[in-house]
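In: Below are the sequence and a predicted model; questions follow.
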Amino acid sequence: MTTALQYLIKRRGLLFILSSPSGAGKTTITRSLLERDPDLTVSVSVTTRAPRPGEVDGKDYHFISQEEFERMVENKELLEHAKVFGNYYGTPLAPVEEALDKSQDIIFDIDWQGTQQLKQKLVNDLVTVFILPPSQDELERRLRGRNQDNEDIIRDRMKKASDEISHYSEYDYIIINTELEKSIERAQAVLEAERCKRRRLTDLPDFVRKLMKEV
């Protein structure tokens, strides 16, 4: 979905953050946006947890040991990191900085803790969206429908959901995921609008000066 504007004016890339309690839909929306938008790439996180069925190392996550994770934290190689349900997750810094400089947009599927850390380092590059479920009952139904977690983990995720939802006010945009297709369309609309933000168009002053000379 590359626009003519992007060919005319150099633009700094942006970090498109999607957060939600587990089961509210951020991962599904993230994957749908990636399939539909060729100008969007995913940030592949590192994690110490074991791969789930169907997950591919290097595509879904970089699966590493806790020792390797701790080394990356110590060497300041991670843009953000957090412990979630007993496992560690983090975002490698170098590929993110390189992508932004090349006018590439990166989508992040991270929690509110990771979002706070990103705000401390790259706040002007961030666009943050919080995905809310339509109800607690629907959230639990979706968690059970994934068939990925045992009963204890589902209970833990439901207990944690209220705390995660309480951080909604820290985000720029809110999407209540009642209908998946409409939620995807709304997220795409936010992304397109943010790409046109004046402060992201780094070559805009030169472009306007040339326009004024041609008039």
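Out: It's in. All of these numbers come straight from a predicted model, not from anything done at the bench. Numbers count the residues shown, from 1 in each chain.

In: Using just helix, strand and coil, how would you label K83?
Out: Classification of K83 by DSSP: H, G, I helix; E, B strand; the rest coil places it in strand.

In: Which pLDDT value does the model give it?
Out: On the pLDDT scale, K83 is placed at 87.

In: so who does it touch?
Out: Listed by C-beta atoms under 8 Å, 6 or more residues apart in numbering, the contact set of K83 reads Y89. For the C-beta atoms, the positions are set from N, CA and C on the backbone; glycine is no exception.

In: Any idea what it is bridged to?
Out: Y88 (DSSP bridges).

In: SS state for the residue nearest the centre of the chain?
Out: When C-alpha atoms, centre = their mean is applied to the chain, the residue found nearest the centroid is F108 (1.9 Å). Secondary structure state of F108, per three-state DSSP, is strand.

In: my read: it touches L122, true?
Out: No - taking contacts as C-beta atoms under 8 Å, F108 lies outside contact range of L122: 10.8 Å.

In: Overlap in contacts, the two.
Out: L15.

In: Give the rounded mean pLDDT of stretch 168-188.
Out: Here the average pLDDT along stretch 168-188 is 95.

In: same check, this time on stretch 206-215
Out: 86.

In: and what of stretch 18-37?
Out: 90.

In: Going by neighbour count, list what's buried in that stretch.
Out: By neighbour count with 16 or more other C-beta atoms under 10 Å, stretch 18-37 contains the buried residues 18-30, 32-33, 37.

In: So A99: helix, strand or coil?
Out: helix.

In: Report the contact partners of it.
Out: Here A99 is in contact with 13, 41, 105-106 (C-beta under 8 Å, 6+ apart).

In: about what we covered before: quickly list what the residue nearest to the centre of the chain is bridged to.
Out: I17.

In: roughly how far apart are it and N75?
Out: 21 Å (C-beta to C-beta, to the nearest Å).

In: now swap in D105 and tell me
Out: 27 Å.

In: Grab the nearest non-local neighbour of V84.
Out: Leaving out its chain neighbours, the residue that sits closest to V84 by C-beta to C-beta, 6 or more residues apart in numbering is D111, at 6.4 Å.
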